[in-house]
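>>> below are the sequence and a predicted model for it; my questions follow.
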Amino acid sequence: MDALMIKTLLCVVGLPTAVLIVFGLALEDADVTEGRPFVVTSSQSDAVEDQRH
């Protein structure tokens with residue numbers, strides 16, 4: 001029973017923590033892309049052009 005309770009606690013505590021981390025990373029990525037959108041888009045378009053040539 002102890003092992004089962006430990007696993008349950010890990011799931012209950014770990015899942016919200018993982019969700020918060022994922023949302024935190026997503027928000028950080030959004031802030032970075034908003035801060036320098038031209039750098040991101042220009043590097044992506046350059047990569048696409050390199051693939052076409």
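Great, that's in hand.

>>> what is the mean pLDDT for whichever helix in the chain runs longest?
Longest helix of the chain, by residue count under DSSP state H: helix 2-35. On average, the pLDDT along helix 2-35 is 81.

>>> helices or strands next to it in the packing?
Helix 2-35 sits against no helix or strand, with contacts defined as 3 or more Cβ pairs under 8 Å, 6 or more residues apart in numbering; DSSP states H and E. No exception for glycine: its C-beta is placed from N, CA and C like everyone else's.

>>> could you pull out the buried residues of it?
For helix 2-35, the neighbour count (16 or more other Cβ atoms under 10 Å) marks no residue as buried.

>>> now stretch 7-19 - C-alpha only, CSV.
Extracted in CSV, the C-alpha atoms of stretch 7-19 (Å, rounded to 0.1, in the frame of the first residue of the first chain):
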residue,chain,number,x,y,z
LYS,A,7,2.9,6.5,-6.8
THR,A,8,-0.4,8.2,-6.4
LEU,A,9,1.2,11.2,-4.6
LEU,A,10,3.8,11.5,-7.4
CYS,A,11,1.1,11.5,-10.0
VAL,A,12,-1.1,14.0,-8.2
VAL,A,13,1.8,16.4,-7.5
GLY,A,14,3.8,15.7,-10.7
LEU,A,15,1.1,16.2,-13.3
PRO,A,16,0.1,19.8,-12.3
THR,A,17,3.8,20.6,-11.9
ALA,A,18,4.5,19.3,-15.5
VAL,A,19,1.6,21.3,-16.8
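
>>> what sits up against that stretch?
Outside stretch 7-19, not one residue touches it by Cβ atoms under 8 Å, 6 or more residues apart in numbering.
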